[in-house]
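*Asks:* Predicted model follows, preceded by the sequence.
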Amino acid sequence: MDKTHTCGELRPEHVGQTVALAGWVHRRRDHGGVTFLDLRDRWGIAQVVANPSISEAAHRAAADVRAEWVVRVEGMVRRRPQGMENPSLATGDIEVEAAAFQVLNPARTPPFPIAEETEVEEGLRLKYRYLDLRRARLQRNLELRHRMVKFIRDYLDGRGFWEVETPILFKTTPEGARDYLVPSRVHPGHFYALPQSPQQLKQLLMVAGVERYFQIARCFRDEDLRGDRQPEFTQLDLEMSFVVREDVMALAEDLFTRLVESVVPGKKLLAKPWPRFQYVEVMDRFGIDKPDIRFGLELKDITDLAPGSGFKVFESAAASGGTVRGINAKGCAAFSRKEIDDLTALAGEFGARGLAYDAVVEGEGRSSFAKFLTPERRQAIRARLEAEPGDLLLFVADRAPVVFESLARLRNHLGERLGLRDPNTLAFCWVIDFPFVTWNEEEKRWDPSHHLFTSPMREDIPLLDSDPGRARGQQYDMVLNGVEAGGGSIRIHDRELQEKVFGLIGLQPEVARQRFGHMLEAFEYGTPPHGGIAPGIDRICRLFADEPDIREVIAFPKNQAARDVMSDAPSPVEPGQLEELHLKVLEPPQTRTISIANQG
Ligand code: ASP
């Protein structure tokens with residue numbers, strides 16, 4: 001080894017020892033003929049002093065170096081002179097006197113400072129990701145992620161799970177996104193699909209008698225990249241045999257509770273055990289199936305107060321089978337016209353055609369609709385929303401999905417703006433009893449709420465024939481701070497029911513057999529009842545790390561246009577390669593000039 005110690009480990013007890021350190025020059029200062037270097041490696045920073053009275057050569061060599069050069073130093077550890085200690089540094093009591101100094105590799109001036117935590121444009125950070133990763137923030141995130149995964153592996157190993165790798169080149173395992181396809185050279189016109197998750201494979205491992213499986217699994221989904229999405233991402237994928245819903249939920253809850261306590265002990269768990277909500281309840285109270293329960297501002301239903309109110313917007317929504325709901329923005333009565341317009345625009349992004357409001361102040365107060373209402377009706381609505389002076393009541397009247405979505409987004413927005421989303425609180429909760437299928441109006445068919453292999457509730461199986469929309473699935477979602485942190489279910493394990501579900505969602509038997517014949521066949525060879533879950537490592541890690549996006553906890557992420565701007569992937573390939581793969585590209589690829597600025 002080039003080094004006897006790391007840059008972070010030297011303490012007063014090392015004084016008098018001769019050590020060798022190697023790392024990157026963090027900062028350099030020249031002082032009265034003496035050169036001071038902060039030398040950095042993954043473990044910390046140590047001060048090196050190059051004093052010509054100790055070694056002329058070392059002093060000369062050190063005088064030339066610049067930030068980010070890689071150097072090696074040998075010398076004696078000594079106590080810093082009194083008053084020169086640096087209490088903000090773990091090694092701040094000592095320094096190393098350079099007796100020998102070697103430049104291992106010089107460095108060009110980096111495109112952004114490594115030593116300072118300054119804001120840098122993301123496109124530039126991604127292009128020089130290896131430099132960004134050198135900075136303290138991403139080093140912290142890499143370490144945190146490592147600790148998380150290590151804890152998970154140890155925990156599951158201790159409970160009899162085996163980690164099994166499953167193929168990346170496989171057949172479609174749909175999770176509702178588009179597949180990434182890989183053309184086969186040896187089978188012209190045939191393609192592998194990258195797994196959207198190892199769903200089928202882990203179920204087949206249950207058929208194989210593994211009983212308890214997990215994998216830190218890479219998943220690939222070709223979908224538009226909104227926040228918290230990447231073309232490839234990582235799940236803790238797990239599956240268990242001979243279990244019911246409670247077993248899987250209990251295991252996941254215990255695992256993640258202990259993970260928090262061990263890996264981010266500074267964070268507070270909002271509740272132990274985690275609250276559980278039925279889907280219907282969670283929609284009613286929060287308008288969304290991934291509620292942020294760190295704060296209130298819950299939705300209140302006033303549909304029953306709409307008929308005869310005199311306010312057409314409310315009346316017609318109620319009359320046409322829609323709903324009228326509101327939230328109480330506590331203490332926001334003084335919002336300006338412009339602020340309310342902004343909230344209206346936000347609700348509009350989610351389909352709301354308007355936002356009715358009532359500002360509760362002593363006396364009349366401003367309201368967009370009070371003039372239509374009798375004082376009694378206005379009072380009744382205020383009472384439903386538990387309004388107090390100083391509150392701002394916001395209402396949307398429309399079809400239920402629009403009302404839920406727009407109010408849920410408003411609620412999150414207000415929670416953020418009012419400082420109610422404490423990043424140090426981790427609010428896990430479960431959502432259960434989801435509808436088994438949801439109606440896809442565009443395609444005029446039922447879609448699985450979770451995925452094709454989820455089992456309906458046993459007692460709801462007859463509903464699959466009579467009223468599928470009312471059947472509940474054996475699905476459970478794990479939610480953390482308003483983010484869907486993971487989902488799972490108890491699976492179907494007999495062929496007949498699986499075929500029935502394929503039929504229900506409109507898969508022709510022939511197509512089902514072509515795509516999933518191996519699953520159907522496997523179910524005929526002694527399949528144990530089984531279920532599992534797949535929490536998202538990136539999403540949970542980013543919440544643990546207080547980061548705004550999962551890109552910050554992935555070593556080499558793609559940008560929002562799904563490009564790797566460092567290597568410039570995806571990129572055109574040689575015509576010969578296409579030929580080998582029996583492919584022809586219809587539109588020749590555009591030649592792009594790589595501009596950093598627009599890559600963010
Ligand atoms: N495969 C599912 C997903 O990726 C998780 C599961 O059902 O275990 O969401």
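*Replies:* Great, that's in hand.
*Asks:* Might you enumerate the residues of the protein proximal to the ligand?
*Replies:* Residues of the chain lying close to the ligand (CB under 6 Å from any ligand atom) are 175, 197, 199, 451, 487-489, 532-534. (C-beta placed from N, C-alpha, C; glycine too.)
*Asks:* What are the boundaries of the helices in the stretch 351-500 of the chain?
*Replies:* Here the stretch 351-500 of the chain has its helices, by DSSP state H, counting those that start in this stretch, at 375-384, 400-417, 463-466, 495-504.
*Asks:* Please work out which of those helices is packed deepest.
*Replies:* Highest mean neighbour count among the helices of the stretch 351-500 of the chain (mean count of other CB atoms under 10 Å): helix 400-417, with a mean of 20.
*Asks:* and that one, what does it pack onto?
*Replies:* With contacts taken as 3 or more CB pairs under 8 Å, 6 or more residues apart in numbering; DSSP states H and E, helix 400-417 sits against helix 279-286, strand 323-329, helix 337-349, strand 392-398.
*Asks:* Give me the distance from it to the chain's centre.
*Replies:* Chain-centre distance of helix 400-417: 20 Å, with CA atoms, centre = their mean, to the nearest Å.
*Asks:* how about the nearest residue to Phe170, chain neighbours excluded?
*Replies:* In space, Phe170 comes closest to Pro195 once its chain neighbours are excluded; the distance is 5.2 Å by CB to CB, 6 or more residues apart in numbering.
*Asks:* And Glu298, by the same measure?
*Replies:* Nearest non-adjacent residue to Glu298, counting by CB to CB, 6+ apart: Arg285, 4.8 Å away.
*Asks:* ok, now Pro401?
*Replies:* Gly351 (7.8 Å).
*Asks:* so Ala50 bridges to which residues?
*Replies:* Taking DSSP bridges as the rule, Ala50 bridges to Thr35.
*Asks:* just to revisit the earlier point, Serialize the residues of the chain next to the ligand to JSON lines and add fields for distance to Lys127 and neighbour count.
*Replies:* Formatted as JSON lines, the residues of the chain next to the ligand follow (distance: CB to CB, whole Å; neighbours: other CB atoms under 10 Å):
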{"residue": "Glu175", "distance to Lys127": "31", "neighbour count": "20"}
{"residue": "Ser197", "distance to Lys127": "30", "neighbour count": "23"}
{"residue": "Gln199", "distance to Lys127": "35", "neighbour count": "26"}
{"residue": "His451", "distance to Lys127": "37", "neighbour count": "20"}
{"residue": "Gly487", "distance to Lys127": "34", "neighbour count": "23"}
{"residue": "Gly488", "distance to Lys127": "37", "neighbour count": "25"}
{"residue": "Ser489", "distance to Lys127": "41", "neighbour count": "26"}
{"residue": "Gly532", "distance to Lys127": "38", "neighbour count": "26"}
{"residue": "Ile533", "distance to Lys127": "37", "neighbour count": "23"}
{"residue": "Ala534", "distance to Lys127": "32", "neighbour count": "25"}
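*Asks:* For those, give me JSON lines that also has pLDDT.
*Replies:* Converted to JSON lines, the residues of the chain next to the ligand look like this (pLDDT from 0 to 100):
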{"residue": "Glu175", "pLDDT": "87"}
{"residue": "Ser197", "pLDDT": "97"}
{"residue": "Gln199", "pLDDT": "97"}
{"residue": "His451", "pLDDT": "92"}
{"residue": "Gly487", "pLDDT": "97"}
{"residue": "Gly488", "pLDDT": "98"}
{"residue": "Ser489", "pLDDT": "98"}
{"residue": "Gly532", "pLDDT": "98"}
{"residue": "Ile533", "pLDDT": "98"}
{"residue": "Ala534", "pLDDT": "98"}
